[in-house]
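A.B. asks: Curious how this folds, go ahead:
(one chain, ligands or ions: 2)
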Amino acid sequence: MADRTPLVIDTDPGIDDALAILLALASPEVDLRLVTTVHGNVDLAQTTENALRVLHLAGRSDVPVAAGARDSLVHPQPERAGHVHGASGLGGVELPPSPVPADPRPAVLALAEVLTASPVPVTVAAIGPWTNIALLLAAHPEAAPRIGRLVLMGGSAGRGGNVTAAAEFNAWSDPEAAHAVLTSTVPTTLVGLDVTLPTVLDEDGVARIAAAGRVGRTAAAILRQYLDHARSAHGTTGVVVHDALALTEAVVPGTLGTVRRDVVVDTTPGPGRGQTIVDRRAVSGAPTAVDVAETVDSPAAVEFLVARLEALARAVG
Ligand code: BDR
Ligand code: CA
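C.D. replies: Ligands and ions are numbered 1, 2, ... in the order given. Model (predicted):
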């Protein structure tokens with residue numbers, strides 16, 4: 001496809017992050033130029049290693065991986081999500097190591113260089129804590145206008161939190177960064193729990209991915225940890241693929257129904273810390289307003305993901 005949109009993924013793999021990376025590689029609408037990594041589901045060294053290995057799994061070690069922030073901006077955040085994603089972040093599956101090392105550039109520099117070098121606007125999908133994005137906006141304001149769309153997975157408008165009663169994991173992991181990013185003027189779409197929680201990949205979908213070949217079998221094995229966690233923690237038989245839904249919106253803009261709202265983040269130390277406070281009283285015209293995803297056709301989104309992963313697995317062999 002001649003007019004593929006350049007894409008950068010900022011990520012903390014992470015099971016659903018791994019699926020999101022594979023979905024990007026499976027999607028002819030976008031050209032994945034760079035993956036940057038951040039602290040989050042597991043620590044930075046592991047998220048970086050996992051990103052390299054996921055790209056290698058798909059035969060795409062040509063995509064550079066640059067490591068970013070190892071902790072949040074202001075208050076250290078040592079808590080990880082190994083109980084959800086497995087201690088290594090990929091559900092206990094040991095992927096073969098990549099033949100290439102991480103890019104020597106710090107993530108923020110790599111991001112700035114990719115953005116400023118691109119003749120056309122770049123889509124940035126940030127599916128971990130948003131520390132790298134906040135640093136980019138602060139350190140390289142000249143790069144910000146090159147971001148055509150910033151698609152964030154995180155936050156919640158009306159579903160409460162998933163890591164505390166109030167806060168979603170990515171926003172909670174670095175509330176100060178989340179606040180800076182969500183109040184910037186970069187065109188931003190927020191894909192939060194309101195649309196991700198109803199979007200569940202069930203056992204049948206995982207079985208279809210597994211049947212599609214080596215990459216599919218491996219992706220399904222990685223998902224097994226997620227399925228087991230969902231069953232024991234929530235009594236459900238499917239998994240919420242948060243980050244893959246955000247990537248779907250990045251790949252096919254308009255997949256989700258959005259409304260432009262003002263959003264701020266609670267950065268106080270109390271029980272609300274990390275909550276995204278979405279003003280749902282009115283549509284906003286402010287330059288800092290955010291397109292908040294409020295509606296989703298979940299069965300269609302899951303079918304899109306499964307079909308794309310099947311196609312990738314068949315193509316890679
Ligand atoms: C988010 O938190 C992480 O555990 C997932 O990878 C996703 O990005 C969901 O709250
Ligand atoms: Ca993530």
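A.B. asks: Would you check that residue 159 makes contact with residue 197?
C.D. replies: Yes: Residue 159 lies in contact with residue 197 (Cβ atoms under 8 Å); the separation is 5.9 Å. Every C-beta, even on glycine, is put in place using the N, C-alpha and C of the backbone.
A.B. asks: Neighbour count for these two, which is higher?
C.D. replies: residue 197 (18 against 15; other Cβ atoms under 10 Å).
A.B. asks: surely the more buried one meets residue 238?
C.D. replies: No: using Cβ under 8 Å, residue 197 makes no contact with residue 238, being 11.2 Å away.
A.B. asks: With only the CA atoms kept, save whichever strand or helix holds residue 313 in PDB.
C.D. replies: Assigned by DSSP states H and E, residue 313 falls within helix 298-316. This file holds the C-alpha atoms of helix 298-316, laid out as PDB (Å, rounded to 0.1, in the frame of the first residue of the first chain):
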ATOM      1  CA  SER A 298     -17.000  -5.300  20.500                       C
ATOM      2  CA  PRO A 299     -17.800  -8.400  18.500                       C
ATOM      3  CA  ALA A 300     -16.600  -6.600  15.300                       C
ATOM      4  CA  ALA A 301     -13.400  -5.500  17.000                       C
ATOM      5  CA  VAL A 302     -12.600  -9.000  18.300                       C
ATOM      6  CA  GLU A 303     -13.300 -10.400  14.800                       C
ATOM      7  CA  PHE A 304     -11.000  -7.800  13.300                       C
ATOM      8  CA  LEU A 305      -8.200  -8.800  15.700                       C
ATOM      9  CA  VAL A 306      -8.600 -12.500  15.300                       C
ATOM     10  CA  ALA A 307      -8.800 -12.300  11.500                       C
ATOM     11  CA  ARG A 308      -5.700 -10.100  11.300                       C
ATOM     12  CA  LEU A 309      -3.700 -12.400  13.600                       C
ATOM     13  CA  GLU A 310      -4.700 -15.400  11.600                       C
ATOM     14  CA  ALA A 311      -3.600 -13.700   8.400                       C
ATOM     15  CA  LEU A 312      -0.200 -12.700   9.900                       C
ATOM     16  CA  ALA A 313       0.400 -16.200  11.200                       C
ATOM     17  CA  ARG A 314      -0.400 -17.700   7.800                       C
ATOM     18  CA  ALA A 315       1.800 -15.200   6.100                       C
ATOM     19  CA  VAL A 316       4.800 -15.700   8.400                       C
END
